[in-house]
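**Q** here you go, sequence then predicted model.
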Amino acid sequence: MSGKTGSATNHWLQNMIDKLEDQEKEIKLGGGEKRIAKHHNKGKLTARERIDLLKDEDSVFQELGLWAGYEMYEEDGGCPSGGVITGIGMVSGRECMIIANDATVKAGAWFPITAKKNLRAQEIAIENHIPLIYLVDSAGVYLPMQDEIFPDKEHFGRIFRNNAIISAKGIPQIAAIMGSCVAGGAYLPIMSDEALIVDGTGSVFLAGSYLVKAAIGEDVDNETLGGATTHTEISGVTDYKMDDDQQCLATIRDLVDKLGPFNTAGFNRKNAKAPARQASEIYDILPESRTSPYDMNKILECIVDEESFTEFKKGYGQTLITGYARIDGWSVGIVANQRTVSRTKKGEMQIGGVIYSDSADKAARFIMNCNQKKIPIIFFQDVTGFMIGKRSEHGGIIKDGAKMVNAMSNSTVPKITIVVGNSYGAGNYAMCGRAYDPRFMYAWPTANIAVMSGTSASKTLMQIQVAAMKKKGEEVSEEDQKKIMKKISDRYDEQTDVRYAASRLWVDGIIKPEDTRNRISKAISCANLNPEIEEYKTGVLQT
């Protein structure tokens, strides 16, 4: 997030954003100003400075995973932004995934979240056929946590497997060794298509001089072992020897500039129109209480191109909005939770934010239509789950919910998810939560992701705990129950906070509401780079 909105000062949402932006400034300092100064004294640019020089002038670097590692490794000194910066930037007119180790954070060492963030960046590049640029400056695995980083399927080694898969798919990979590159990490740049190395600061080897001495008794310095001269003139491991960071980054730009042509998916796009409402109006539409109703149609009017929305089955299943629209000119399908209270023709009241059988049935049909027409789907989540109770169960809510989940899971067109508010339980799943492979997933500062609301969870857990205590013969006073409730509630509130989700990469970023339109447009632009759309099949659907 960056910049201020045009909304009134002291607005509850603006205050929330201001606090997040202050925290983001701290995160972007990485290991802190002292370590940045040390980095500069070595003649090296920081990771963020490198990215700024690499990307096209006046273009915006769309960072992903900024909050990774937030408050996760406090006992180990912290790992701001997971010790690596990832995002999409324009380089010589081409959208590229940039992955840059932040050596101011534990010398760029890999924590578990570092591996997860790298894998997520590679996943985005694979799904969207985006060229990858690695700016390598890392001391390797953080040894005290090696068992959480090294051996498993989604750990460190998966990075190099992905290098091979990405290469086989014909997606360009360029790596620059701009600092340390040690042990298993040495494979990443060398498994890329081309590798550059900066003289004097870049080095790459399977084992450094100390380990070589300890293991085989050989005396050799790191520069001779694996410096720029060694690998460009003796071993042939790297392809380009660079004088400094600046020359290295300029050469990468030159290499990207000469990439060959590429095909696209050909998603429908026309000249964009501004939305009917100003984006700043979202601040007045969205209520502070997450249980209060509001009209999601008004939120959409702040995001979609004016007069472009064609609603599908408007009068049916009214707790979900489905329809076709344009966002920044791109043709999209929209599935959004409606938060107003509605009534069916039978006079039955339907609670906003809850998915009913008719809503699920409508959404399943609409998702299949979007796949038939090759239209990307945008999910706007503010969902408390599926409707419960005797009437819903007898009506087959599980069957209808499964139909929606099936249709969404098998969707082959790009899916993009925006978490506006609540994202609870099976509602998170049906509305394309992280487990269902959205190409990109963003959250507003107001987002909460959990198995159920904090109030419901706290009451349920308290009842279970009190019942267990009474079973043991313990007396539980009303005051005791309040203390138990507060303890559970505080813990649950922490875990449902949007920063908790972003720190674990359940979402790709926390964005301001007014940035939503641009993020969606950029996501579709990236998705359009992959011309391969599989045939849509749903399998067995109960009717």
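**A** That came through, no problem.
**Q** low-confidence regions, the stretch 1-150 of the chain specifically.
**A** In the predicted model, the stretch 1-150 of the chain carries pLDDT under 70 at residues 1-10.
**Q** strands along that one, start to end?
**A** 62-64, 84-91, 94-101, 132-138 (DSSP state E, counting those that start in this stretch).
**Q** other SSEs contacting the second one?
**A** Spelled out, it's strand 84-91. If contacts are counted by 3 or more C-beta pairs under 8 Å, 6 or more residues apart in numbering; DSSP states H and E, strand 84-91 sits against helix 47-54, strand 62-64, strand 94-101, helix 112-128, helix 245-257. Where you see a C-beta, it was placed from the backbone N, CA and C, and this is true even at glycine.
**Q** thinking again about what came up before, out of the strands of the stretch 1-150 of the chain, which is the most enclosed?
**A** Mean neighbour count (mean count of other C-beta atoms under 10 Å) peaks for strand 132-138 among these, with a mean of 27.
**Q** that strand to helix 112-128, inter-axis angle?
**A** Strand 132-138 and helix 112-128 are oriented at 160 degrees to each other (axes from the mean of the first three to the mean of the last three C-alpha atoms, to 10 degrees).
**Q** circling back: turn the helices and strands packed on strand 84-91 into TSV, columns for distance to Ala523.
**A** Listed next are these as TSV, based on distance: least, C-beta to C-beta, whole Å:
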stretch	distance to Ala523
helix 47-54	20
strand 62-64	9
strand 94-101	11
helix 112-128	9
helix 245-257	21
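**Q** and the ones you listed, which is most packed in?
**A** Among those, strand 94-101 has the highest mean neighbour count (mean count of other C-beta under 10 Å), at a mean of 23.
**Q** now that one - C-alpha only, PDB.
**A** What follows is strand 94-101, C-alpha atoms only, in PDB (Å, rounded to 0.1, in the frame of the first residue of the first chain):
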ATOM      1  CA  ARG A  94       8.100  -7.000 -20.500                       C
ATOM      2  CA  GLU A  95       6.300  -8.000 -17.400                       C
ATOM      3  CA  CYS A  96       8.800 -10.100 -15.300                       C
ATOM      4  CA  MET A  97       8.700 -11.800 -12.000                       C
ATOM      5  CA  ILE A  98      11.600 -10.400  -9.900                       C
ATOM      6  CA  ILE A  99      13.000 -12.400  -6.900                       C
ATOM      7  CA  ALA A 100      15.600 -10.600  -5.000                       C
ATOM      8  CA  ASN A 101      17.300 -11.800  -1.800                       C
END
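**Q** chain center to that strand, what's the gap?
**A** Centre-to-centre, strand 94-101 and its host chain are 15 Å apart (C-alpha atoms, centre = their mean, to the nearest Å).
**Q** now do that strand: which elements does it pack against?
**A** helix 47-54, strand 84-91, helix 112-128, strand 132-138.
**Q** name the surrounding residues that touch that strand.
**A** With contact meaning C-beta atoms under 8 Å, 6 or more residues apart in numbering, strand 94-101 is reached by 47-48, 50-51, 54-55, 61, 83-91, 108, 118, 121-122, 124-125, 130-138, 179, 256, 259, 525-526, 529.
**Q** re earlier: among the strands of the stretch 1-150 of the chain, which is nearest Arg343?
**A** Closest of the strands of the stretch 1-150 of the chain to Arg343 is strand 62-64, at 41.8 Å (criterion: C-beta to C-beta).
**Q** break down the stretch 101-250 of the chain into its helices, ranges please.
**A** Secondary structure of the stretch 101-250 of the chain, counting by DSSP state H, counting those that start in this stretch: helices at 112-128, 157-168, 187-190, 209-216, 222-226, 228-229, 245-257.
**Q** mind putting the ones you listed into TSV with distance to Asn271?
**A** Formatted as TSV, these follow (distance: least, C-beta to C-beta, whole Å):
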stretch	distance to Asn271
helix 112-128	24
helix 157-168	34
helix 187-190	42
helix 209-216	60
helix 222-226	53
helix 228-229	49
helix 245-257	28
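**Q** of these, which is nearest Val198?
**A** Proximity to Val198 (C-beta to C-beta) singles out helix 245-257 among the helices of the stretch 101-250 of the chain, at 5.2 Å.
**Q** just how off-centre is the helix or strand that that closest one is followed by within its chain?
**A** Counting by DSSP states H and E, the element after helix 245-257 in chain order, helix or strand, is helix 282-285. Relative to its chain's centre, helix 282-285 lies at 25 Å (C-alpha atoms, centre = their mean).
**Q** so for helix 282-285, mean pLDDT?
**A** For helix 282-285, mean pLDDT is 95.
**Q** got the contact list for the helix or strand just after that helix?
**A** Using DSSP H and E, the helix or strand that follows helix 282-285 in sequence is helix 296-301. Contact with helix 296-301 is made by 275-277, 281-282, 285-286, 309, 321, 325, 334, 336-340, 380, 382, 420, as judged by C-beta under 8 Å, 6+ apart.
**Q** mind listing what's buried along helix 296-301?
**A** For helix 296-301, a neighbour-count test (16 or more other C-beta atoms under 10 Å) marks Met296, Lys298, Ile299, Leu300, Glu301 as buried.
**Q** let me have these in TSV, extended by distance to Ala502 and pLDDT.
**A** What follows is the buried residues of helix 296-301, written out as TSV (distance: C-beta to C-beta, whole Å; pLDDT from 0 to 100):
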residue	distance to Ala502	pLDDT
Met296	23	97
Lys298	26	97
Ile299	21	98
Leu300	24	98
Glu301	27	98
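**Q** rebuild the strands of the stretch 1-150 of the chain as TSV, extending it with distance to Met16.
**A** Converted to TSV, the strands of the stretch 1-150 of the chain look like this (distance: least, C-beta to C-beta, whole Å):
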stretch	distance to Met16
strand 62-64	20
strand 84-91	23
strand 94-101	29
strand 132-138	33
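**Q** indicate which one of these is closest to Thr264.
**A** strand 94-101 (11.5 Å).
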